[in-house]
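Trainee: Curious how this folds, go ahead:
(one chain, ligands or ions: 2)
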Amino acid sequence: MGYKKYTVKPSRSFLDNDITYLPGVGPKRAELLAKELNITTFRDLLYFFPYKYIDKTKFYSISELSPELPYIQIKGTIRSYFFEGQGTRKRLNAVFTDETGSIRLVWFKGTKWISGNYPTGQEYTIFGKPSLFNGILNIVHPEVEATSKQTEKFGSTLQGQYSSTEKLKNHFITSKVILKMISNLLQHPEFNVQETLPNYLISKYNLLSLREALKAIHFPLNNSELERAVYRLKFEELFYIQLNLIKFKQNRSIKYKGLNFGTVGDNFNYFYYNNLPFPLTDAQKRVLKEIRRDLGSGKQMNRLLQGDVGSGKTVVALMSMLIAMDNGYQACLMAPTEILANQHYNTITKMLSGMAVKVKLLTGSSKRSLRKEIEESLSDSTLNILIGTHALLEDNIVFNNLGLVIIDEQHRFGVEQRAKLWRKNLSPPHVLVMTATPIPRTLAMTLYGDLDVSVLDEMPPGRKPIKTIHYFDSKMNLVFGFLREQIEMGRQIYVVYPLIKESEKMDYKDLEDGYDTFVRHFPHPKYCISIVHGQMPSSLKDESMRLFESGQAQILISTTVIEVGVDIPNASVIVIESAERFGLSQLHQLRGRVGRGADQSYCILVTSVKLSKEARERIDIMVETTDGFRIAETDLRMRGPGDIEGTMQSGIPFDLKISDLGRDGQIIEYVRNIAEEIINDDPLLDKEKNLTLSINLKRLFAKRRSLRNIS
Ligand code: ADP
Ligand code: MG
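Mentor: Ligands and ions are numbered 1, 2, ... in the order given. Presented below is the predicted three-dimensional model:
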């Protein structure tokens, strides 16, 4: 094929060229590739990696085939063609044979082209998945290649398979065609890739060069070369993410002098000796020590506190705020919902009773007069602690000397919002981010890679593990009976319905129907049922919550608004309706609403009888364990981190091409250490040998940079 007329634009780097400059890609194909696969440049195509490989040296004989086999290769002859069926079921059949037997090949589309291009009586190599139809073994829409024409590209024995879409296939852009395009690209006379890792790293860690790796990922000579290619590409992708995080973290601590909270004074000590309602767990003591060390280090604290629901994060937050106060600073605590902010406010004011600490609550529904009072007492520093929701971020909330910012349930707040709180003081306040979503350690290295991590890995004593029971919805009568017994014993019950945005209307109908059913089984005046959901005005919400909190209502029916943080120790049963519709981490969060008092607590998962395999697995693991980290690991394995809330905020402004933050934990840890070594040796990456690193960091993270600097 002549390349002359496709001569690429010299001004740009080779890989930046538009895909239309590639032989075999006209405007129509380019449009499809852009639309379906997001491929618009040479680089995009080169970085479109196979999702699996077929061993081209392995052939089956027809007598060995069975419908259980995956995609396979056979060699043989097309004997004859015939049509079968009517209308949309009309299909072209080919009788295909080898020495051992015969099988049908079937096409529903492109039939004319097939019979025209693959004449009978010739030998072909067939690739596809055997299946059984009407008792006859067949392969639907196989790939067909004349055996004589089969070319072994670059001596590769493994053939990459590329995911293609229905639309692409309809335009004959199959996996094989994509492979051909990539082969054209690699053979382009001007083909050239710029190495993205410095030589000293490539040789020290025995990596393939980028050029070698990119060729081998598409046309591996053998399995071991493929492994090395995959490793090199993962190494690079994950290394730059870690390098960015660590450089950011380092430079932040060089750039900003933190407020120095040198003393632990009267408020902290008074609280500790007089007000603390329980002895701290060892984990709480350890975490407080870590926080105190940060606060007194002269550097700004940026710490993530991970602790499963019920592990006692609130009191850690409160005691940290008292340290800020002891050093003459104000503190604030931001929660993601009004209910939670309210709850924090109540808990904290109760715990501080008898102490001269001024605490206020600010939410979207705070009255004007209260706002005014808050604004004034903030600016003259008579207000010590401000608790609230997003309302804290508003511009007219100005602190006199904000020293500590605590953010509860971090995954609900974006990086931008964290940044806004930062700017509320001239020198950046200390930041403590609290989350109840257990995150596997190596995933946290990426999602929170710029934060130091503390873990509350111990529950307060005296908790009985929650019993989790699964019921099909056909057995609701048993559930009602059980709930009645629990109410007799003086317990309270949460009932939760799923709320999934796309079908909000239907969900509210479920919730309302559910409410009616419960009212029928638990009639007034013997029973009182509260209902809370996101579309209620907040005054009504508060009223419902108050009824339940005060114990007047025995049952609280809600959507997931109660998901985070609510603490009502007497509520010892949670019923989760349509539990199959919740994700694992959400189920775990919801279950954490109970098990807070001394009573035996129960979580009842109600599902329909028809369960997908994945739903079944989720329910089973919930019944089996209450260990949040085990559940998080399972969740990660089942869903992949792409779905996990918070990944969007991880500060990775590009799609991962090859790595998996969940499964590549070992490599993440490895490259993080390497990145640390490099930054320790050269914090600004301005040594000559690290030029490649700083160029590529800029290229990869430029988009996000302006934001990250202030967050
Ligand atoms: P989290 O916010 O981590 O989910 P909370 O701070 O709401 O947990 O604490 C859960 C419950 O445990 C609260 O009722 C709290 O008073 C109680 N608690 C916290 N720490 C201890 C402790 N050391 N001993 C006994 N109870 C504790
Ligand atoms: Mg909490």
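
Trainee: Am I right that Gly155 is in contact with Leu221?
Mentor: Yes - Gly155 lies in contact with Leu221 (C-beta atoms under 8 Å); the separation is 6.0 Å. To be clear about C-beta, it is placed using only N, CA and C from the backbone, and glycine gets the same treatment.

Trainee: Of these two, which one has the most company?
Mentor: Ranked by neighbour count (other C-beta atoms under 10 Å), Gly155 and Leu221 place Leu221 first, with 15 against 9.

Trainee: Against Ile631, how distant is Thr468?
Mentor: Note on Thr468: its distance to Ile631, by C-beta to C-beta, to the nearest Å, is 11 Å.

Trainee: same question but for Asn477, I mixed them up
Mentor: Asn477 is 30 Å from Ile631, where distance means C-beta to C-beta.

Trainee: do Val575 as well
Mentor: Counting by C-beta to C-beta - Val575 and Ile631 are separated by 19 Å.

Trainee: State the helix or strand in which the closest residue to Leu451 other than its chain neighbours lies.
Mentor: In space, and not counting its chain neighbours, Leu451 is closest to Leu304: 4.3 Å by C-beta to C-beta, 6 or more residues apart in numbering. For Leu304, the element it lies in under DSSP states H and E is strand 302-307.

Trainee: how far out from the middle of the chain is the longest strand seen in the chain?
Mentor: Counting residues, the longest strand found in the chain (DSSP state E) is strand 72-84. The chain centroid and the centroid of strand 72-84 are separated by 45 Å, computed with C-alpha atoms, centre = their mean, to the nearest Å.

Trainee: Name the residues contacting each of Thr468 and Ile631.
Mentor: Each of Met622 lies in contact with both Thr468 and Ile631 under the rule C-beta atoms under 8 Å, 6 or more residues apart in numbering.

Trainee: Contacts only, for the one residue in the stretch 501-650 of the chain that gets nearest to ligand 1.
Mentor: Closest approach between the stretch 501-650 of the chain and ligand 1, counting by C-beta to the nearest ligand atom: Asp567, at 4.5 Å. Listed by C-beta under 8 Å, 6+ apart, the contact set of Asp567 reads 343, 347, 596.

Trainee: again, only this time at 6 Å
Mentor: The contact partners of Asp567, by C-beta atoms under 6 Å, 6 or more residues apart in numbering, come to Arg596.

Trainee: Am I right that it falls within a strand?
Mentor: No - Asp567: not assigned to a strand; according to DSSP: H, G, I helix; E, B strand; the rest coil it is coil.

Trainee: average pLDDT across stretch 551-567?
Mentor: Taken as a whole, stretch 551-567 has a mean pLDDT of 78.

Trainee: Straight-line length of that stretch, end to end?
Mentor: 13 Å (C-alpha to C-alpha, to the nearest Å).

Trainee: burial of Val495, as a residue count?
Mentor: Counted with other C-beta under 10 Å, residues neighbouring Val495 total 24.

Trainee: Distance of it relative to Thr435?
Mentor: From Val495 across to Thr435, the span is 26 Å (C-beta to C-beta).

Trainee: Same question for Glu227.
Mentor: 36 Å.

Trainee: And those two? Which one has more around it.
Mentor: Thr435 (23 against 12).

Trainee: Would you enumerate the residues in contact with Phe42?
Mentor: Residues near Phe42 by C-beta under 6 Å, 6+ apart: 15, 17.

Trainee: Give me the phi and psi angles of it.
Mentor: Main-chain torsions, Phe42, degrees, to the nearest 10: phi -60, psi -40.

Trainee: With the one 3 residues further on instead?
Mentor: The main-chain torsion angles of Leu45 are listed as degrees, to the nearest 10 and equal phi -70, psi -40.

Trainee: who's in contact with the nearest residue to it once chain neighbours are set aside?
Mentor: Counting by C-beta to C-beta, 6+ apart, Ile39 is the residue found nearest to Leu45 once chain neighbours are left out, at 5.2 Å. Contact partners of Ile39, counting by C-beta under 6 Å, 6+ apart, are 33, 45, 48.

Trainee: that's a strand at Ile39, yeah?
Mentor: No - using three-state DSSP, the assignment for Ile39 is coil, not a strand.

Trainee: Name the residues of the protein found near ligand 1, please.
Mentor: The chain has residues 278, 280-281, 284, 307, 309-315, 436, 460, 565, 567, 569, 596 near ligand 1, with proximity defined as C-beta under 6 Å from any ligand atom.

Trainee: one more time with 8 Å, if that's ok
Mentor: With C-beta under 8 Å from any ligand atom as the criterion, the chain meets ligand 1 at residues 277-281, 284, 307-317, 347, 408, 434, 436, 456, 460-462, 565, 567, 569, 592, 596.

Trainee: Report the buried members of those residues.
Mentor: Using 16 or more other C-beta atoms under 10 Å as the burial test, the residues of the chain next to ligand 1 include 280-281, 284, 307-317, 408, 434, 436, 456, 460, 565, 567, 592, 596 as buried.

Trainee: The residues you listed in strands, which ones?
Mentor: Using DSSP E, these in strands are 307, 408, 434, 456.

Trainee: Okay, the residue nearest to Leu45 and Tyr51: tell me how far apart.
Mentor: To Tyr51, Ile39 is 15 Å away according to C-beta to C-beta.

Trainee: Lys130: neighbour count?
Mentor: Slight slip there: residue 130 is Pro, not Lys. 22.

Trainee: How many neighbouring residues does the nearest residue to it once chain neighbours are set aside have?
Mentor: Excluding its sequence neighbours, the residue lying closest to Pro130 (C-beta to C-beta, 6+ apart) is Leu65, at 4.7 Å. Using other C-beta under 10 Å, Leu65 is surrounded by 18 other residues.
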